[in-house]
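A.B. asks: quick one, fold the following:
(chains A and B)
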Protein chains: 2
Amino acid sequence: MDECQDYGLTRDTERKNLNLNPLQRGGVLPLEARKALYEFSDGYSVCDYCSGRLDEITKPQINGFLEDLAGFINTDFARTVHGAREGKFAVMHALCEPGDTIVIDGNAHYTTHVAAERVGLNMVDVPNTDYPNYEVTPESYKEVLDDLYDQGEEVSLVLLTHVDGNYGNLADARSIGKIAHDAGVPLLLNCAYSMGRLPIDAKALNADFVVGSGHKSMAASGPIGVLGLKEEWADIILKRSDRAQVKELEMLGCTSRGAPVATLMASFPHVIDRVKKWDVEVKETRKFVETLENIEGINQLGKKPKEHDLVRFETPIFDEIAKHHTRRGFFLYEELKKRKIVGIKRGQTKWFKCSVYGFSAEQKEYIAETFVDIASKDY
Amino acid sequence: MDECQDYGLTRDTERKNLNLNPLQRGGVLPLEARKALYEFSDGYSVCDYCSGRLDEITKPQINGFLEDLAGFINTDFARTVHGAREGKFAVMHALCEPGDTIVIDGNAHYTTHVAAERVGLNMVDVPNTDYPNYEVTPESYKEVLDDLYDQGEEVSLVLLTHVDGNYGNLADARSIGKIAHDAGVPLLLNCAYSMGRLPIDAKALNADFVVGSGHKSMAASGPIGVLGLKEEWADIILKRSDRAQVKELEMLGCTSRGAPVATLMASFPHVIDRVKKWDVEVKETRKFVETLENIEGINQLGKKPKEHDLVRFETPIFDEIAKHHTRRGFFLYEELKKRKIVGIKRGQTKWFKCSVYGFSAEQKEYIAETFVDIASKDY
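C.D. replies: Numbering: from 1, shown residues only, chains lettered A, B, ... in the order given. Model (predicted):
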C-alpha cells in the first residue's frame, strides 16, 4: 500500500469553543499534564526504568503515585487500567464464573453490560423510578436481592453506577453497599463520573471495588482508568501469573504503558484540589439549571436539586421552534455555535445532556444566558 | 488527602541522548504525531463525533484509517486495541475455552503466557534450538503438533512470535502457519516487533490473526495496538453484545478512546514509508553487528546474519573490564552515557540487547565506534 487517506486529525472546534459535552468536561488537561504529555510522547515512554512491573516503576514514580491514589480514594490498593470498563471487566473476570448472577442498576452504563456479557454473566437489573427522576434507590436494590435470595439464586457481585451518564443522578452508594454486604455480596462502584470530580471514600461508601476514568473525570489523556480495591480481595483480583511470577494476570502484566498514565500523575495535584471545590461546582450547576428552567418549555430531568454537573433537560420549546425554523432541527446547534458554544449534538432539539463543569462562573453565566437568548428570539 | 509526592515526570535523559533500548526504538513519534498528540490531548478527545462505535467514527476518520490499516497488513478486518497483549487476550478469550490447549513458541513474550493464563489455557511450548541461535523452527512446531495429535489432544490455537524480544529472531511464519493449518488449527502471529518495522502480509504468512504494537513498532504514543483478522473468524472475535447491540464484546465496545489512536493515525504515512526501507535498516544493523563482533570478546547471539534490528550480544570483554574497574559493572553504562548513549541497563556487562533502528547511518556508525573505543580503552 502506497497511499493513505487524510484522516482529518484536527480538533479546532472542540478545543476553541465552549464544549458542553459532559463526556469532555472532566478530561481537560491542566498545563502540567500537557507538559507531561510532551515529555512522555514517545511509545513506551514510562517503561525506561521498569524492572518487571508498571506499578512498581520508580522513575517516573508510578509506585508512589499509586500509593497516593489509594489514599485519595481510600482503598487498600490502586492500579491503573485502560479505563473504567476495563476495570469492571477485570473485577468480574477474576471474581465470577461464566453463568454467575450479578445485580446491576437500571442506570448502568452500557460498558457494564458489555463487560458482564464478555465474562458470560447473568445480569439482574434494579429498575430506576422512571420519568422524571429516574432514581436508583436502596429500597429497590433490597427488593431485588431479597427476591433473588427467595428464589435460591446466588449473587456473585453487586454493581452500582455512582453517578450515571444519562441523568447525572448521584446514587446512595453507602446504603446500597450496606444492603449488598448484608446479603453477603461485595459491591463494585462505578465512579467514572465521580472519581476526580467529587470526593470518593471507598470504605465509607461500602465499596469493595471502585473504578474511575482518567479521561472522563480525572483531567487525563485517555485511555486511562483507576481500579481500587480492599485488601481482602487482593489475592483474587491481583492474582499473579505462575509462569511470569511478578506479573498480575488481570492487568496482563502491565496496563497503562505510555503517556496517559503520565498525564494522570501530572494532573493529580490539580484533581486533589478541585474535588475540594466540588460544592462550588454543584452550586453553580444548580444556578445554571435554575436559569434554564425559568425558560418555559425547559425542564430538568433526574433528581432535584442537582448533585452533579451532568444535567439532562427536556426541551419542548426548542422542538417547537425546530418545526418552523428554516434550518429545522439544526437551528439549535447552529445558534449555539455562532456564540462559540458546542457539544450539543447536531439536529437534537427534544432533549439534551450538558455540563458546565470546570468553566468559570462568568462562562457558566454566559452559557445560561445564551440559551435564554436563543429561546426568546423570533425566528 | 492534601499533598502528593513529586513523581519526577521528566524524561530528559531518554529524549536527549541516543537511546539503544530496543523497546523504545520503534515508538519514537514523527512530527505529525506530535501535532496530533497536541490536538487530541484532552480526555476522550477522539470521541466528539461518536455515534456508537470507535471504529466507525468519521471525524477524525478512524473508520477510513482502519480500512487502510487492514490493507497495509492484508487482513480482512483491523481494530485498534490497547496493545499486542490485549489483542492476544481478545483472540484467546473469544476463541478458546478455559482448559483448552494452545501451542506457543519457546521465544514467546511473557505477555503471551499471561494472556493465556488469564483465559485459563494449557500452554505447550515449542522449544527453541538453544545457545547460540535460539531458533524456533517449523520442524519443531510440526513435531509438537504431531505429538499432541498422537496423544489425542485437541489444539485450539497456534501462536507464533514473529520476531522475539530476546534475540530478535525472525521466525518462518509462513511455514509454521502452513503446518498449523494442516493440523486444522488457526495461527495467531504476534507482530509486536515486526508490524510497522517490516512489511506484514498476514495472508501470505498464513496468519489468521495478527497483533501489532503501536508503541513498540508503529511510531505511536502508547498504549495502542492493532488486531487484524481474516473474515472467517469475524463472527467469533468481533461478536456483538446482545444488550448494547452495536458494541463488540471483546473490544468492550470501544478500545483506544484517546490520544494514542490519533498518533497511530498521524504516524501511518511515515510507517508506510519506513517499512519500504526495511532492507536498509537490516543492512545497517548487519554492519553494526560486524563492527562490534570485530571486537574480541563480543559475540552476537540469535540467528545469523541478522534479519531484524534487535540484537543480543554476549560481551565477556566488558564483564572482564568490570572485574577490575573502580566503577565495577557500572562502567559500561557510564562510559556510554558520557558519550550521549543510553538504553543499556545500568550494571549490566555480561550481555545486552540493543537496537540502532531509526538512527541515521552516521549515528549508527558513531554508536558502533563508541563501543570499539570503550572496549579498547585502558582502565
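A.B. asks: which bits of the stretch 51-200 of chain A sit near chain B?
C.D. replies: Taking CB under 8 Å from any CB of the partner chain as the criterion, the stretch 51-200 of chain A approaches chain B at residues A:59-62, A:64-65, A:68, A:71-72, A:82-83, A:85-86, A:89, A:93, A:110-111, A:113-115, A:117-118, A:123. Bear in mind the C-beta positions are built from the backbone N, C-alpha and C, glycine included.
A.B. asks: what subset of the residues you listed is buried?
C.D. replies: Buried subset of these (neighbour count, 16 or more other CB atoms under 10 Å in any protein chain shown): A:59-62, A:64-65, A:68, A:72, A:82-83, A:85-86, A:89, A:93, A:110-111, A:113-115, A:117-118.
A.B. asks: which members of those are positioned in helices?
C.D. replies: Filtering those for membership in helices, criterion DSSP state H, returns A:62, A:64-65, A:68, A:72, A:85-86, A:89, A:93, A:110-111, A:113-115, A:117-118.
A.B. asks: can you pick out the most distant pair from those residues?
C.D. replies: A:Gly64 and A:Glu117 (36.9 Å; CB to CB).
A.B. asks: just give me the neighbour total for A:Ser360.
C.D. replies: Applying other CB atoms under 10 Å in any protein chain shown, we find 10 other residues in the vicinity of A:Ser360.
A.B. asks: same check on A:Leu145?
C.D. replies: Applying other CB under 10 Å, we find 23 residues neighbouring A:Leu145.
A.B. asks: phi, psi for it please.
C.D. replies: The main-chain torsion angles of A:Leu145 are listed as degrees, to the nearest 10 and equal phi -70, psi -40.
A.B. asks: for A:Gly225, same thing?
C.D. replies: Dihedral angles (degrees, to the nearest 10) for A:Gly225: phi -140, psi 180.
A.B. asks: now the helices for the stretch 251-379 of chain A?
C.D. replies: If you assign secondary structure with DSSP state H, counting those that start in this stretch, the helices in the stretch 251-379 of chain A sit at A:259-276, A:278-293, A:316-324, A:331-338, A:361-376.
A.B. asks: so of those helices, which one's packed in deepest?
C.D. replies: With neighbours taken as mean count of other CB atoms under 10 Å in any protein chain shown, those reach their highest mean count in helix A:259-276, at a mean of 24.
A.B. asks: any residue of it touching chain B?
C.D. replies: Yes. Remark: helix A:259-276 sits within contact range of chain B at A:Ala259, A:Pro260, A:Ala262, A:Thr263, A:Met265, A:Ala266, A:Phe268, A:Pro269, A:Ile272, by CB under 8 Å from any CB.
A.B. asks: low-confidence ranges in chain A?
C.D. replies: Counting by pLDDT under 70, the ranges of chain A that qualify are A:1-3.
A.B. asks: how's it carved up into domains?
C.D. replies: Partitioning chain A according to the TED database yields domains covering residues A:12-23+A:278-376, A:27-269.
A.B. asks: the last one: how far from the chain's middle?
C.D. replies: Distance, stretch centre to chain centre, for domain A:27-269: 10 Å (CA atoms, centre = their mean, to the nearest Å).
A.B. asks: quick one: neighbours of the closest residue to A:Val271 other than its chain neighbours, just the number.
C.D. replies: Beyond its immediate neighbours in the sequence, the residue positioned closest to A:Val271 (CB to CB, 6 or more residues apart in numbering or on different chains) is A:Gly196, lying 5.1 Å away. Neighbour count for A:Gly196, taken as other CB under 10 Å: 29.
A.B. asks: got the contact list for A:Gly196?
C.D. replies: Contact criterion CB atoms under 8 Å, 6 or more residues apart in numbering or on different chains gives A:Gly26, A:Gly212, A:Ser213, A:Gly214, A:Lys216, A:Ser217, A:Met218, A:Ala219, A:Val271, A:Arg274, A:Val275 as the residues in contact with A:Gly196.
A.B. asks: any idea how far it is from chain B?
C.D. replies: In this view, A:Gly196 and chain B are 11 Å apart by CB to the nearest CB, to the nearest Å.
A.B. asks: one more: A:Lys323?
C.D. replies: As it turns out, when the distance is counted by CB to the nearest CB, A:Lys323 lies 24 Å from chain B.
A.B. asks: ok, A:Tyr193 next?
C.D. replies: When A:Tyr193 is compared with chain B (using CB to the nearest CB), they lie 12 Å apart.
A.B. asks: can you check A:Val103 too?
C.D. replies: Distance from A:Val103 to chain B, counting by CB to the nearest CB: 15 Å.
A.B. asks: I'd say that residue and A:Leu160 touch.
C.D. replies: No. The pair A:Val103 / A:Leu160 is not scored as a contact, 9.0 Å apart, by CB atoms under 8 Å.
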